[in-house]
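Colleague: Quick one, structure for this:
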Amino acid sequence: MGHVEMIATIVHQLTKDATLEELKAAGLDSYYADHKKGIYPVDSNGVPFTVTYFASTGHVLADISEDMAAEMKAKAVYENLIDLATDPDLINVLLFLRQREVVHFNRFKELYDHYKDILD
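Modeller: Numbering: from 1, shown residues only. Presented below is the predicted three-dimensional model:
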């Protein structure tokens with residue numbers, strides 16, 4: 001499951017039983033107006049998720065570097081969410097997901113080093 005799907009699942013689990021009053025109090029009334037409790041991936045500013053900014057050059061080292069950067073960005077987002085969270089169960093899930101990004105980064109780094117040796 002990708003980053004967007006993981007966060008969407010967490011949001012769904014946290015909001016599925018929320019009352020309309022709770023959603024309003026959380027500032028989610030405009031989101032509710034457009035999507036009810038459906039999950040529509042947007043960033044914290046309401047900008048919809050898009051793959052427009054994903055890059056693929058066909059150059060193995062450039063593409064793996066992009067993958068490594070994506071893992072670090074995801075790790076940073078999980079850390080920001082941990083800072084905002086107060087529920088220990090949610091924090092534990094976010095800590096797991098953060099660590100998963102570290103593992104993914106390390107695997108991409110191993111691939112990068114492997115191909116760098118071959119291409120040099």
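
Colleague: which helix of the chain spans the most residues?
Modeller: Taking DSSP state H as the assignment, the helix of the chain that covers the most residues is helix 88-119.

Colleague: Which residue ranges make up each domain of this protein?
Modeller: 1-49, 54-120 (automatic domain parsing).

Colleague: which of those domains is buried the deepest?
Modeller: Of all the domains of the chain, domain 54-120 has the most neighbours on average by mean count of other C-beta atoms under 10 Å, namely a mean of 14. In short, each C-beta sits where N, CA and C put it, glycine included.

Colleague: what distance separates the start and the end of that one?
Modeller: Across domain 54-120, the terminal residues are separated by 26 Å (C-alpha to C-alpha, to the nearest Å).

Colleague: distance between that domain and the chain's centre?
Modeller: Here the centre of domain 54-120 is set off from its chain's centre by 10 Å, with C-alpha atoms, centre = their mean, to the nearest Å.

Colleague: returning to what we had before: could you name the helices and strands sitting against the longest helix of the chain?
Modeller: helix 3-15, helix 60-84 (3 or more C-beta pairs under 8 Å, 6 or more residues apart in numbering; DSSP states H and E).

Colleague: circling back to that earlier point, CSV for the domains of the chain, including mean pLDDT?
Modeller: Putting those into CSV (pLDDT from 0 to 100) gives the following:
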stretch, mean pLDDT
domain 1-49, 86
domain 54-120, 94
